[in-house]
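Asks: structure for the following, please:
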Amino acid sequence: MNPTLLIVDDEKHTREGLRSALEDHYEVSAAADAAAALALFEADPADVVITDLKLGNDDGMELMDRLLKRPDPPVCIMMTAYGSVDTAVEAMRRGAYDFVTKPVNIDRLEMLVRRSLRERALSRENVELKREVVKSRAPERMIGRSPAMERVFETIRQVAPSKATVLITGESGTGKEVAAKAIHALSPRAEKPFVAVHCAALSPQLLESELFGHEKGAFTGATERRIGRFEQAAGGTLFLDEIGEIDPAVQVKILRVLGERTFERVGGNQTLQADVRLLAATNRDLTAMVAEGTFREDLYFRLNVVPLIMPPLREHREDIPLLVNAFEKELAREHDKSARRFGPEAMECLESYGWPGNIRELRAAVEHAVVLGAGAELTAKDLPSTIRAGSDPLLREGELNLEKVEEAMIRKALSECADNRTLAAKKLGISRRTLHRHLAQLGIFKHAS
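Replies: Presented below is the predicted three-dimensional model:
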């Protein structure tokens with residue numbers, strides 16, 4: 001459903017003119033005075049109220065005051081033919097989003113409405129962040145309300161109470177270790193250790209010693225007995241990250257642990273019990289590695305009892321505002337900064353970027369803005385240049401040609417909408433009047449019927 005607007009003006013031609021200009025994109029209602037406006041708002045609360053300062057015998061400021069006291073207040077934009085700096089300041093002080101003078105510049109008004117709706121949505125998302133996480137019963141630090149993340153949460157909730165081995169797959173930076181910690185936190189082993197091993201960082205010999213421990217004299221440099229991670233995680237959870245990187249000899253030993261629940265330290269002959277729940281993660285295609293012969297098929301089946309796929313961030317972009325707000329609060333505390341919100345342009349930039357590094361890259365971008373941003377609001381300029389450049393569809397090979405891109409976008413929209421101007425304007429996010437002006441300026445008016 002389109003956002004709803006309420007236009008309040010005692011001049012009929014102004015009311016109807018604004019209604020005609022805005023109804024392409026919004027559900028618009030109109031009222032001639034404060035009483036009618038309040039009655040309409042009671043029946044169907046509007047997202048944005050655009051009200052004249054002078055409403056015959058009524059005062060637009062007073063109407064705005066009453067609307068802003070509602071539990072879920074609308075955005076209020078004030079308009080007047082009696083514009084002055086003092087009036088604008090007073091309207092803003094009392095809660096107006098912005099102020100326009102008559103005759104109203106429709107393009108500016110449309111821009112204000114779009115921006116205000118976006119900021120209102122971000123504000124609501126910020127307020128509802130904790131509520132949404134609780135609602136989805138997502139574990140701590142797992143944030144999202146998209147269908148993709150809800151599926152992840154549901155799998156975690158179902159598998160956590162069991163003893164089943166879980167293979168967590170997904171691109172780098174998608175939060176595989178966070179998911180593993182969530183499984184542990186919701187399991188009966190939550191009070192016992194969670195031990196993580198990053199397999200790719202160690203040579204085969206060091207990894208074997210790291211996992212199983214070693215006896216004194218087991219190899220050069222083994223000057224004393226070492227307790228391995230399987231023993232350290234006793235009663236708890238052992239998380240093997242990047243399991244696709246482990247050597248075949250170590251694969252055999254892990255397979256034995258999963259099958260027999262026993263192991264020996266390197267250089268030892270004492271059989272030890274492995275009372276651990278094993279979780280593993282990889283960003284590699286283990287089925288392809290099995291086909292190539294570089295990963296044991298029997299180990300793959302042992303690990304993949306319950307598969308958990310972490311979606312790339314580009315597949316659940318609707319979670320970006322929630323993640324950004326959570327990261328901003330966390331990082332502001334960490335760096336002793338005041339909490340600040342990301343402005344609409346910055347958030348739009350973040351939402352349109354491709355995120356090859358996924359959530360890890362998003363967190364780094366937020367940290368960059370938190371540390372270097374100097375204003376009361378974080379803007380697109382506070383983001384890393386790679387993010388700004390990568391999110392701008394107008395940047396191609398270092399050149400910016402607005403006219404060519406604009407023409408291409410308009411031609412594409414008209415083609416996809418069978419030359420229907422109204423549908424094309426809606427697809428482009430502009431008014432019909434604005435589209436007609438661009439068509440004339442670009443000399444492609446003949447393409448619209």
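Asks: quick check: domain ranges of this protein?
Replies: Domain assignment for the chain, taken from automatic domain parsing, gives 4-129, 147-311, 314-392, 402-447.
Asks: so what's the gap between the longest one and the chain middle?
Replies: Distance of domain 147-311 from its chain centroid, counting by Cα atoms, centre = their mean, to the nearest Å, is 29 Å.
Asks: now render the domains of the chain as TSV, adding mean neighbour count and mean pLDDT.
Replies: Just so you know, the C-beta spots here come from the backbone N, C-alpha and C atoms, and that holds for glycine as well. Listed next are these as TSV, based on neighbours: other Cβ atoms under 10 Å; pLDDT from 0 to 100:
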stretch	mean neighbour count	mean pLDDT
domain 4-129	17	87
domain 147-311	18	93
domain 314-392	17	91
domain 402-447	15	72
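Asks: centroid residue for the protein?
Replies: Note on the chain: the residue nearest the mean C-alpha position is Ile320, at 1.0 Å, using Cα atoms, centre = their mean.
Asks: tell me if I am right that it is in a helix.
Replies: Yes - counting by DSSP: H, G, I helix; E, B strand; the rest coil, one finds Ile320 located in a helix.
Asks: contacting residues around it?
Replies: Leu313, Met347, Leu350, Glu351, Leu362 (Cβ atoms under 8 Å, 6 or more residues apart in numbering).
Asks: look up which helix or strand the second one falls in, please.
Replies: Spelled out, that is Met347. helix 344-352 (DSSP states H and E).
Asks: list phi and psi for the spatially closest residue to Leu372 that is not a sequence neighbour.
Replies: What sits nearest to Leu372 in space, not counting adjacent residues and going by Cβ to Cβ, 6 or more residues apart in numbering, is Asp382, at 6.0 Å. Phi and psi for Asp382, reported as degrees, to the nearest 10, are phi -80, psi -10.
Asks: residue contacts, Asp382?
Replies: With Cβ under 8 Å, 6+ apart, Asp382 has these contacts: Ala346, His368, Ala369, Leu372, Gly373, Gly375.
Asks: over to Arg226?
Replies: For Arg226, the contact set (Cβ under 8 Å, 6+ apart) comprises Ser209, Gly213, His214, Arg265.
Asks: what's opposite it in the beta bridge?
Replies: According to DSSP bridges, the partner residues bridging Arg226 are His214.
Asks: please enumerate the strands of the stretch 1-150 of the chain.
Replies: For the stretch 1-150 of the chain, the strands defined by DSSP state E, counting those that start in this stretch cover 4-8, 27-31, 48-52, 54-55, 58-59, 75-80, 98-101.
Asks: run the chain-centre distance for the second one.
Replies: Going back to what we said before, that points to strand 27-31. Its chain's C-alpha centre and that of strand 27-31 lie 33 Å apart, by Cα atoms, centre = their mean.
Asks: who's in contact with that strand?
Replies: 1-9, 15-16, 18-19, 22, 37, 39-40, 44, 46.
Asks: sheet partners, orientation included, of that strand?
Replies: Counting by DSSP bridges, the strands paired with strand 27-31 are strand 4-8 (parallel).
Asks: what of the fourth one?
Replies: Sheet pairing here is set by DSSP bridges, and for strand 54-55 it gives strand 58-59 (antiparallel).
Asks: re the thing from before, for Thr379, see how far away the residue nearest to the centre of the chain is.
Replies: From Ile320 over to Thr379 the distance is 16 Å, taken as Cβ to Cβ, to the nearest Å.
Asks: please apply the same query to Lys12.
Replies: Applying Cβ to Cβ, the value for Lys12 to Thr379 is 40 Å.
Asks: quick one, the host helix or strand of Glu361 and helix 344-352 angle?
Replies: Assigned by DSSP H and E, Glu361 belongs to helix 358-372. Using axes from the mean of the first three to the mean of the last three Cα atoms, to 10 degrees, the inter-axis angle of helix 358-372 relative to helix 344-352 is 160 degrees.
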